[in-house]
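Novice: Got a predicted structure plus its sequence, pasted below:
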Amino acid sequence: MIDILGYPIYNGYKDELIEKIINKEKKIHVVSGNPEVLYQGLYEKELYNNFVSEESLIIPDGVGVVYSAKIKGLQVKEKIAGVEVMQDIISYCDKASKTIYLLGAKKQVVEKCKNTIEKTYKNVKVVGYRDGYFDLENCDDLIEDINKCNPHALFVAMGCPRQERFIIKYMNKLPCKIYMGVGGSFDIIAGEVKRAPKWMIKLGIEWLYRVAKEPWRIKRLGSIPKFMFKALVYKNVG
Ligand code: UDP
């Protein structure tokens with residue numbers, strides 16, 4: 001683990017991560033640690049408390065986190081993309097014949113995502129799914145449905161911090177073992193949105209590709225320098 005702004009961030013290889021997730025005896029919240037959600041956590045106690053607790057495992061998702069570590073003289077072994085961890089968890093569920101539930105994205109996207117997963121992985125059962133457009137404070141029917149389906153893993157694709165708020169608010173009322181917020185991953189799996197070319201991912205400029213495709217994302221990039229600045233100041237104070 002490395003510490004950035006008090007957050008313990010996983011610092012190992014992606015291949016070893018899945019063992020860590022499945023070997024945890026208690027429930028686990030896998031957090032895609034990008035600067036946007038971690039920055040938000042600094043101002044939202046519920047998020048922060050959960051992220052730093054035993055329940056959560058934060059993965060270094062995003063160059064902003066890698067550079068923030070560098071500022072502190074630390075080296076992140078591997079930047080790990082949330083969508084790849086999601087695929088590893090599905091693969092595990094496939095081998096172990098475990099069930100999953102998909103929550104988030106638009107109705108036709110989550111449906112397509114379910115079909116793609118079931119076509120690609122023969123033993124994994126998507127026991128339930130629901131789009132991500134509902135009132136977080138008012139969703140008893142959804143909580144009841146997830147409880148009834150009793151899935152092993154719950155993927156929540158509603159963008160951050162909405163998905164993290166949902167998981168933190170409800171994980172103790174749900175029976176799942178693995179909880180993960182996966183942002184736009186359902187859109188990627190459903191084939192609605194393409195990931196950046198491999199060379200861009202390798203260079204750490206996947207964000208540039210996403211901004212070029214969806215220019216409204218530019219305002220969300222502001223959290224990267226803000227987060228890095230905080231990390232720098234934290235270093236000087238600490
Ligand atoms: N979304 C949702 N409910 C909302 C807002 C967004 O389900 O109230 C979905 C949206 O349809 C898309 C995903 O959340 O599938 C947004 O992912 P984005 O790419 O913004 O997430 P990021 O990975 O950037 O956090």
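Specialist: Yep, it's here. Note that the structure is a prediction, hence the values are computed from the model and not measured.
Novice: So residue 114 is in contact with residue 126, correct?
Specialist: Yes. Contact criterion C-beta atoms under 8 Å: residue 114 and residue 126 qualify, at 4.6 Å. For the C-beta atoms, the positions are set from N, CA and C on the backbone; glycine is no exception.
Novice: Report the set of residues contacting both of those two.
Specialist: Overlap of the contact sets of residue 114 and residue 126 (by C-beta atoms under 8 Å, 6 or more residues apart in numbering) consists of residue 102.
Novice: Name the nearest residue to residue 180, sequence neighbours excluded.
Specialist: Sequence neighbours aside, residue 30 is the residue nearest to residue 180 in space, at 4.1 Å (criterion: C-beta to C-beta, 6 or more residues apart in numbering).
Novice: residues touching that neighbour, list them.
Specialist: Counting by C-beta under 8 Å, 6+ apart, residue 30 touches 21, 56-57, 59, 85, 89, 178-181.
Novice: Who is it paired with across the strands?
Specialist: Note on residue 30: beta-bridge partners by DSSP bridges are residue 57, residue 180.
Novice: tell me which parts of this protein are close to the ligand?
Specialist: Within the chain, the residues that sit near the ligand (C-beta under 6 Å from any ligand atom) are 104-106, 132-133, 157-160, 162, 183-184, 186-187.
Novice: and the two most separated of these?
Specialist: Largest separation among the residues of the chain next to the ligand by C-beta to C-beta: 106 and 160, giving 17.4 Å.
Novice: so where do the strands sit in the protein?
Specialist: Taking DSSP state E to define them, one finds strands in the chain at 2-4, 7-9, 28-33, 56-60, 99-104, 125-130, 153-157, 178-181.
Novice: I'd like the distance between residue 9 and the ligand.
Specialist: From residue 9 across to the ligand, the span is 17 Å (C-beta to the nearest ligand atom, to the nearest Å).
Novice: Bridged to that residue, which residues?
Specialist: Beta-bridge pairing of residue 9 under DSSP bridges involves residue 2, residue 58.
Novice: May I have the residues that are in contact with it?
Specialist: By C-beta under 8 Å, 6+ apart, the contact set of residue 9 is 1-3, 33, 58-60, 65, 69, 76.
Novice: now, among those residues, which is nearest to the ligand?
Specialist: Within the contacts of residue 9, the smallest distance to the ligand is 11.6 Å, found for residue 33 (C-beta to the nearest ligand atom).
Novice: Tell me if I'm right that the closest one and residue 56 touch.
Specialist: No. The pair residue 33 / residue 56 is not scored as a contact, 9.4 Å apart, by C-beta under 8 Å.
Novice: more crowded one of those two?
Specialist: Legend: neighbour count by other C-beta atoms under 10 Å for residue 33 and residue 56, higher for residue 33 (26 against 21).
Novice: which residue packs closest to the more buried one, ignoring adjacent ones?
Specialist: Going by C-beta to C-beta, 6+ apart, residue 33 has residue 58 as its nearest residue, at 4.0 Å.
Novice: can I assume that neighbour is in contact with residue 28?
Specialist: No. The pair residue 58 and residue 28 does not pass the contact test of C-beta under 8 Å, sitting 11.3 Å apart.
Novice: Quickly note the distance from residue 199 to residue 15.
Specialist: Residue 199 sits at a distance of 22 Å from residue 15 (criterion: C-beta to C-beta, to the nearest Å).
Novice: for residue 84, same thing?
Specialist: 11 Å.
Novice: what about those two, which has more around it?
Specialist: Using other C-beta under 10 Å as the criterion, residue 84 and residue 15 rank with residue 84 on top: 16 against 9.
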